[in-house]
Structures are given as structure tokens and as C-alpha cells.
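K.L.:
sequence first, predicted coordinates after that:
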Amino acid sequence: MLFQEYLKKEIFEIVKKLLEKTNLESDFLKKKFFNVELSQKENFGDLSSNVALVFSKFFKISPEKLAELISIELRTNKYVLKVEVIKPGFINIFFTNLFWQNQLSQFIKLDGSYNYNLKTKSICIEFVSANPTGLMHIGHARGAVLGDAISSVLQEVGHNITKEYYINDAGEQIKKLNKTILFHVENFLEDSESPLPDDLYPGEYLKNVAEKIINKFVIKKSSELKEIEEKIVDIILSDIKKDLVDLNINHDNFVSEKSISSSENINKLKNKLLDLKIAYFGFQEKPKNISSEEWEQKEQLLFSSKKFGDDSDRALMKPSGEVTYFMSDLLYHKDKIKRKFEILINIWGVDHFGYVKRLKSALSELVNEEYIFEIKLTSLVNLIKKGEKLKMSKRKGDYITMREVIKEVGVDALRFMMISRNADKTIDFDFDSLKIKNKDNPVFYVQYAYARCMSILEISKNKIKEIEKGEYKLDYLILHEEKMLIKYICNFYNVIKNSAEYFEPHRITNYLHDLSKTFHNYWGLGNIDYKKKIITDNNDLTKSRLILVKVVSMTLNKGLSLLKISSPKSM
């Protein structure tokens, strides 16, 4: 049993014992959870817990007093060296060397396979879903990697995952796309260089798509394009899929908006919304960015968003009868729930912030089945070169594509950086630092720790063979840095479990960076003190340290693999 589970169980039993002594009800124990954390400073012990702060009100005593009572019991544990209570009621626990040596032994016995003890859920995670009107940019990359990493972590802890891409292949944007391609096709066929109208999509990419269509389908007249309009989205989607594969991302399903938004499905949903009295035919309020002279009120189907705290009622269908994004999203999410997914996860850009509440509100009224709906909003990514932020505008066709970024810094750097911070934090993506091989390049820093481990193990092949036969002792691992490594190692599966629970893969990248930093510091001790070298004249000491290096390498490799980042053996 690793320390998180072990210490929580020990403390839980102590709290139960104290409750029995006081004849207090213990029902709250099932509902309230306390933390066990690695202490950040050596003088705060090995582990710290907030248990007294969580439970003191149920005991009707101060957190500090409850912490003292728990500490008395903890001090009877043979592995506990010392227990300290820190105001307002934190408990800091110091363990013996033997405890940490035993912890490492248990971790080794797990052999990379851990039982997370979680109930398996059926989860649909929708991410990327970039409009098929051009290549993906860096903003799409963040959502793509986040969604894929969350999927990997959820699969690791035992859930059944379906990764979906929702293709927006209907509506005004597709009409605009088709007009743009038609414009370029006519220019090519007429050998003209007419300037692109402002109401069409800019950029060289769509011009290249038009040329590809002319060559592939042998188009002689622009009127022939009408027959193969549906192929336009297919061609662009094919490029998007290629870029995703290059980023080590494969979706299970590509769901078409056009297929979901059939006339039958639209009418069924429209009637249900009206029956529930959460939609009505009416006139939308004038948008703030349009003048009164330009605004023309027309009757359309509106969702009663104001009932759910929105500032205005939102359009479900346009006056023309076309569905809005909102309506098609309701159809899509109802379809996901119909397919019996217990948890729905969407990865959206932060610009969809105002959209979250109305979608959740509408679904809660429409659907009776139980489900969990989590929407992760990704903040901005600033691209930086030579210390300056690059300015981009997709509207003007002036943006850096994801494939350009991959070509410049590689897949590993892109994946690592896109999940280096929580989704709601802005990421500064510095091209220059990611191409330099030093500690300021986080992905290099982690990969180099792994390569350094492998180098040490490579020159110690004979001793590794002895270790693999079980011929080693862990008694020699007594240095503070060795205990720190063991603590980090034995916290690995807890980090993964928390990452899955909160849908936060940045916890793993942060963990890998911290483990790498601790290992690099450990390796560097030998340059200061010969006795602290990993490979020494003492055979048993060397084998103890080599097994620690081997476990560090296995942990780094598993963590990187989980995030689909490579683990090079040499750098």
C-alpha cells in the first residue's frame, strides 16, 4: 500500500476511534474528505494532513486540539519518527528511513500496474472540432492536446473513452467556404487575379484547395463545382486529420452536423422545446454592435435563456428556418446522451464562456437521464519569437498553422507545452526557448532526465542483471535526496488519479518536471561529494542507487508515454 492510501487509512481509523470514545455520530466520515500531501519543506516533515481542519467542527473542538489528539495516536506507529502540529491545525509527520525503503519496495512490486479502485464509466470526450474552413492553428492545438491527454489519463485509470470530433459541415460558414472555393476556381479557369472580396475566407490555403479540386476532378467550368461541393469539406477534413495524426491524435468518431441536423430531428426537438415552454417564436433583442438603422426584427424560434440567468433570449432557428449553432449543439448532445454516455466532456476555447450555461440549462430541461457534463475552456496561447509576441488574425488569414509549429519545434515540445498549465491559464509558447537544450526548455529537461537514467543503467549492465534477479538491498537509501525521489515516485499513481478526477493533465507534466529536477539534483551530488556518486566502490550501495535510478526511469517513461511524448534513450 503506497503512502497516500496507507496514511489516509491510518488517520481514518484514528478518527473513528476518537469518535467512539466521544459517542459522536460518524456518518460525516463518508461524506467528508481530507488530504495527505507531500511537505514542500524538509522542516515540515515528510507528509502533511489537513484532517483536523476538516473534521474539527464535528468534534466541536478546535482544529489544533483535534490535531493533537490524532498526533498522540500517530506517534504509536512504528514507522513514525515524529509528529508536529502547526497552527491552525495541520499535522506534519516525519517517517523513518525504513518506511520509505518499504514504500519503494512496494512500488517496484507493482511493476507498472496499479489498481486505481475506480468505478468504470462510459465517457465521451469531444475536442478539436475545428471548422473545416482551413488548417488548424495553435489555439486548436491546445484543445487537441488537452482533450487527447485527458482521454489517455481517463483510460489509464480504467474508464471507457470515446473520442469525438464534431464536424461543423452545415450552415452559413459552409456556404461561405463554397463561395470562396468557387471564387478561386473561377480565377484559375479564367487565368484571372481578381482580388478576394471581403466577405470570403482569406488565405493561400483555400486557394491551394481550389487548385487541387480542379486537378483532381478535372473541372473545366465553374458550374461543375456544384456537383462536387460536398468534396470540399472532405478535402479540408483530410488535411486536418493528417495534422492530428502527426500530433499523435486519433479520434474514434467524426460526427457530422449535417447528419445530426435532419429535418425530422429538428422538428422533434423544436416541438419538445415548445411543449416544455422553454422556447417560443418571438423577436430577438437588437445586438449591441448593430445600429438601429441596420437592425431589422424578424420572428424566429428563441430559447428562454433569461429564465436561466442569461442577459437575453437566444436564437435556436433563424427567420429563414435554418438552425443556429445552439440548436445543432442541442441535437448533438442529446444524441450523445441517447448513446448512453455517463460523462460528457467538451474542450472549447475560452471565447465560448457565455455559451456554457445556456447549453447546460437547455439540456437539463430536455433530458431526464442522469449524466455528468463537464466543459473545459482553454485560454489563449501566446506565440513568442525573439522576445516578442506574434500578432495573428484568422479573419485576415494571418495566422501560424499547427503544422508550421510542429515543423519548427517538434511534436514533443508542442504536446508538453499545451498541457504545461491548467486549461484556464494563458500559455506563453516561446519558440526560441523550446529549441535550446537546457533547463529552461521543460520538455528537454524531462527527457534529458530519462536519457541520463538510461546512460547510467547502460554502463552498469552487469549490476542491473543482478538487480533483475532480486540481488539488491534498499537499506542504503538514506540520503535526503534519495528519500525525496522515493516520495515523488510513490506519489505517481496518486497524481494520475487526481489528474483523471479533475480532468487536469497539467498535474502530470508538473509532476514529471519536479521528479526530473529532483533527479538532476541527485545526480549532481556526486560532483560535489564522491561518496554520493551513484556508481561507487561499494557494490551493495551502488546496486541500491541503481535500482532507484531504474525506478525513476520507469516512472518518467510511463508518464511521458501516457502523454504521448517520446522518451529518447540518449540526447
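P.N.:
Structure's in. What do you need? Numbering: from 1, shown residues only.

K.L.:
please count neighbours and contacts with C-alpha atoms only from this point.
P.N.:
OK.

K.L.:
show me the shaky parts of the stretch 301-450 of the chain.
P.N.:
393-398 (pLDDT under 70).

K.L.:
any chance you could map the strands in it?
P.N.:
In the stretch 301-450 of the chain, the strands defined using DSSP state E, counting those that start in this stretch lie at 314-317, 343-349, 372-378, 381-385, 388-389, 427-430.

K.L.:
helices or strands up against the least confident helix or strand in the chain by mean pLDDT?
P.N.:
In the chain, no helix or strand scores lower on mean pLDDT, DSSP states H and E than helix 461-468, which sits at a mean of 90. In terms of contacts (3 or more Cα pairs under 8 Å, 6 or more residues apart in numbering; DSSP states H and E), helix 461-468 is packed against helix 539-562.

K.L.:
the helix it packs on packs against which elements?
P.N.:
Using 3+ Cα pairs under 8 Å, 6+ apart, helix 539-562 sits against helix 138-156, helix 442-458, helix 461-468, helix 480-490, helix 506-528.

K.L.:
run through who's touching the third one.
P.N.:
Under the criterion Cα atoms under 8 Å, 6 or more residues apart in numbering, residues Leu457, Tyr472, Lys543, Leu546, Ile547 lie in contact with helix 461-468.

K.L.:
pick the one among these closest to Glu204.
P.N.:
Leu457 (50.7 Å; Cα to Cα).

K.L.:
poorly predicted segments of the stretch 101-250 of the chain, please.
P.N.:
Of all residues in the stretch 101-250 of the chain, none has pLDDT under 70.

K.L.:
which residue ranges form the helices in it?
P.N.:
138-156, 172-189, 204-217, 229-246 (DSSP state H, counting those that start in this stretch).

K.L.:
now the longest one and helix 539-562, what's the angle there?
P.N.:
Put simply, helix 138-156 runs at 120 degrees to helix 539-562, going by axes from the mean of the first three to the mean of the last three Cα atoms, to 10 degrees.

K.L.:
try the last one
P.N.:
Angle of helix 229-246 versus helix 539-562, following the same axes, to 10 degrees, is 170 degrees.

K.L.:
what comes up buried for helix 229-246?
P.N.:
In terms of neighbour count (16 or more other Cα atoms under 10 Å), helix 229-246 has its buried residues at Glu229, Ile232, Val233, Ile236, Leu237, Asp239, Ile240, Lys241, Asp243, Leu244.

K.L.:
which of those residues lies closest to Ile91?
P.N.:
The closest of these, once distances to Ile91 are taken by Cα to Cα, is Leu244, at 47.2 Å.

K.L.:
next up, phi/psi of the residue nearest to the closest one when sequence neighbours are not counted, please.
P.N.:
Nearest non-adjacent residue to Leu244, counting by Cα to Cα, 6 or more residues apart in numbering: Asn250, 6.8 Å away. When read as degrees, to the nearest 10, the backbone of Asn250 gives phi -130, psi 120.

K.L.:
ok so, going back, now for the helices and strands packed on helix 539-562, which one comes closest to Ser105?
P.N.:
Here helix 480-490 is closest among these (Cα to Cα), at 9.9 Å.

K.L.:
go through that closest one and flag the buried ones.
P.N.:
For helix 480-490, a neighbour-count test (16+ other Cα under 10 Å) marks Glu481, Glu482, Lys483, Met484, Leu485, Ile486, Lys487, Tyr488, Ile489, Cys490 as buried.

K.L.:
would TSV of those with distance to Leu53 and pLDDT be doable?
P.N.:
Formatted as TSV, the buried residues of helix 480-490 follow (distance: Cα to Cα, whole Å; pLDDT from 0 to 100):
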residue	distance to Leu53	pLDDT
Glu481	30	96
Glu482	31	98
Lys483	28	97
Met484	26	97
Leu485	29	98
Ile486	28	98
Lys487	24	98
Tyr488	25	98
Ile489	28	98
Cys490	25	98
